[in-house]
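Student: 3D model of this:
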Amino acid sequence: MENEDLVFKPGEISDESPVQRSGLPVDLGLGLEEGPFIAGFNERFLAYFIDCLPFLLLSAVTFKLAVKGGLVASNFAGEMTVKLLWIAVYILYQGVLSSGGRATLGKRIMGLRVVDADGQPLSLGRGFARAFSYFLSSGTMNLGFILALFTQENRALHDYLAGSRVVSLKERGDLANGVILTMSWALLAFFVGSWINNTVLKVSVPEKKQIYAAYRTISKLATLENIYMRSTGHYTNNLKSLASLTRNVEAVKSELDRNLDGGKVMLVSDGRKFRIVAKARNWRKTEVEVKSTVTLPPEAALQ
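Tutor: Numbers count the residues shown, from 1 in each chain. Take a look at the predicted model:
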């Protein structure tokens, strides 16, 4: 049976790699015999981590030494002065080693190189443009880096701004890719957790004020408990009795409503000791507590 519509065209079958079909030339001017391959997000992230880690450690160490030597004050301004110096060194490091076919420590370990749109080594000017653009990628809540997860050639925001691509010098096996995947996502989970802990979960200054206001209010009740005990010989579990000691019950009620969640307070006492618990008005409803410091003898127990 013949089919004249079926025509074999040798040119339609190609042994080009996916990277070649993406438009990147094989020869990047780096002396490669095979490849390159578009670098994945995970190996790029590990390279970035390796590059940043020494600078973070050096910044922390030099700040402590500078404070000890009296060069900077032990405050936010002093810390920022040291950090800005290391940021300048980091930009120089990235700018120089991302250009001219060179590689930063992280990219060298991971077998990566930065190239331009034509697959040639990045120029020095573009290398510095890319280094400065790192801060735009991180300044957008790291969305500039995350962009590399969704673009065809795994390009981050700083790659688009500098007209660069990151390529891998050789293709890795399944085992190596699995190790890289595990390590990169473990680090990502750690950093995301740290960010949540330092931002979302960190108690803000306004919250601290609300918590302190709640603690101060129940501390006043604790003072009233001690006054009540000195006049009666025992503590009480009757909040109204404590408020009556101020001769202004409404003022006490107003303060409870103002500083405690729902204006509610739990007062527990057996006559010998007491415990006062309430929740602050912050969004977490932080619990505050005050206890008696002296336990009275058994005869002071409530009947």
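Student: elements contacting the longest strand seen in the chain?
Tutor: Secondary structure of the chain per DSSP state E: the longest strand is strand 260-269. Applying 3 or more CB pairs under 8 Å, 6 or more residues apart in numbering; DSSP states H and E, one finds that strand 260-269 makes contact with helix 205-232, helix 239-244, helix 249-259, strand 274-280. For the C-beta atoms, the positions are set from N, CA and C on the backbone; glycine is no exception.
Student: what bits of the protein have low per-residue confidence?
Tutor: Across the chain, the ranges flagged by pLDDT under 70 are 1-35, 303.
Student: report the central residue of it.
Tutor: residue 195 (2.1 Å; CA atoms, centre = their mean).
Student: for whichever strand or helix holds that one, name the packing helices and strands.
Tutor: Taking DSSP states H and E as the criterion, residue 195 maps to helix 174-198. Packing partners of helix 174-198 (3+ CB pairs under 8 Å, 6+ apart): helix 41-68.
Student: and the angle from the helix it packs on to helix 174-198?
Tutor: Counting by axes from the mean of the first three to the mean of the last three CA atoms, to 10 degrees, helix 41-68 points 50 degrees away from the direction of helix 174-198.
Student: give me the distance from helix 41-68 to the chain's centre.
Tutor: 15 Å (CA atoms, centre = their mean, to the nearest Å).
Student: that one - contacts with which helices or strands?
Tutor: Against helix 41-68 (3+ CB pairs under 8 Å, 6+ apart) you get helix 76-97, helix 105-110, strand 112-116, helix 174-198.
Student: pick the most buried one from these.
Tutor: Neighbour counts (mean count of other CB atoms under 10 Å) averaged over each of the helices and strands packed on helix 41-68 peak at strand 112-116, with a mean of 22.
Student: list the contacts of it.
Tutor: 24, 28, 30, 36, 39, 43-44, 47, 98-99, 101, 103, 106-107, 121-123, 126-127, 130, 163-169 (CB atoms under 8 Å, 6 or more residues apart in numbering).
Student: among those, which ones are in strands?
Tutor: Short answer: those in strands (DSSP E) are 164, 165, 166, 167, 168.
Student: for the residues you listed, which one is nearest residue 237?
Tutor: When the ones in strands among the contacts of strand 112-116 are ranked by distance to residue 237 (CB to CB), residue 166 comes first, at 68.5 Å.
Student: what is the neighbour count of the closest one?
Tutor: Using other CB atoms under 10 Å, residue 166 has 26 other residues around it.
Student: identify the bridge partners of it.
Tutor: Each beta-bridge partner of residue 166 is listed here, defined by DSSP bridges: residue 114.
Student: now do the contacts for it.
Tutor: For residue 166, the contact set (CB under 8 Å, 6+ apart) comprises 38, 39, 44, 107, 112, 113, 114, 115, 154, 155, 159.
Student: wait, which of those residues is closest to residue 62?
Tutor: Among the contacts of residue 166, residue 107 lies closest to residue 62 (CB to CB), at 24.7 Å.
Student: need the contact list for that closest one.
Tutor: Listed by CB under 8 Å, 6+ apart, the contact set of residue 107 reads 47, 51, 97, 98, 113, 114, 166.
Student: which non-adjacent residue is nearest the third one?
Tutor: Going back to what we said before, that points to residue 97. residue 104 (4.5 Å; CB to CB, 6 or more residues apart in numbering).
Student: test my guess that the one you found contacts residue 93.
Tutor: Yes - with contact defined as CB atoms under 8 Å, residue 104 and residue 93 form a contacting pair (6.7 Å).
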